[in-house]
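*Asks:* The following block contains a protein sequence and its predicted model.
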Amino acid sequence: MLSMMIPSQATVIPLFKLMSNFELLNTYFALIVPQLCYPFAIFLMRQNFMAFPSELLESARLDGAGEYRIFFQIVLPSMKPALAATSIFLFMTQWNNFMWPLVVTTSSEMYTFPVALSSLMGVSFTDYGQVMTGITFATIPIIIFFLMLQKHFISGMLGSALK
């Protein structure tokens, strides 16, 4: 919970120095890896794992299942709705992230959609047709990703409503 209270802007300078020291600026590694450990996702998944009934785990152990088998065949399939919700949230958050890609990329080939869209805004003139086309193209992957995980997301909503 404490890590969720730290604003992401406060971590930009230490992360930038770290990426600079490892000479990873302007790479896909610098764009992706620092954003993988997201506090809200960890908190959400922890809460779902803590809500899992321990009786199911105990009965699986009594039946002779090992820890890996319990996790992959009992726990993980029941966590699909939580994983889908977390995946959708993380994908949307990282897809729309503006500040970190702006700081860590220097070449226009490495720009993400939000950074590239901001470069379409001119000082004295802005072609709004071009900007709106870019925004439309930027939302298409989010919609496709949601549609792929929609079944799991909705089943999680229905499952929690029926409990």
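*Replies:* Sure thing, it's come through. Numbering: from 1, shown residues only.
*Asks:* Regarding this protein, what is its longest helix?
*Replies:* Ranked by residue count under DSSP state H, the longest helix found in the chain is helix 128-162.
*Asks:* And it, what does it pack against?
*Replies:* helix 80-95, helix 113-119 (3 or more C-beta pairs under 8 Å, 6 or more residues apart in numbering; DSSP states H and E). For glycine as for every other residue, the C-beta is placed from the backbone atoms N, C-alpha and C.
*Asks:* tell me the mean pLDDT for the last one?
*Replies:* Which is helix 113-119. Confidence for helix 113-119, expressed as mean pLDDT, is 88.
*Asks:* how deep is Trp95 tucked in, by neighbour count?
*Replies:* 15 (other C-beta atoms under 10 Å).
*Asks:* so it touches Phe113, yeah?
*Replies:* Yes - using C-beta atoms under 8 Å, Trp95 is in contact with Phe113, at 7.2 Å.
*Asks:* per-residue confidence averaged over stretch 64-84?
*Replies:* The average pLDDT within stretch 64-84 is 90.
*Asks:* Where does pLDDT dip in this structure?
*Replies:* Within the chain, the ranges that satisfy pLDDT under 70 run 153, 155-163.
*Asks:* Go ahead and flag the most central residue of it.
*Replies:* Nearest to the geometric centre of the chain sits Leu90, at 1.7 Å (C-alpha atoms, centre = their mean).
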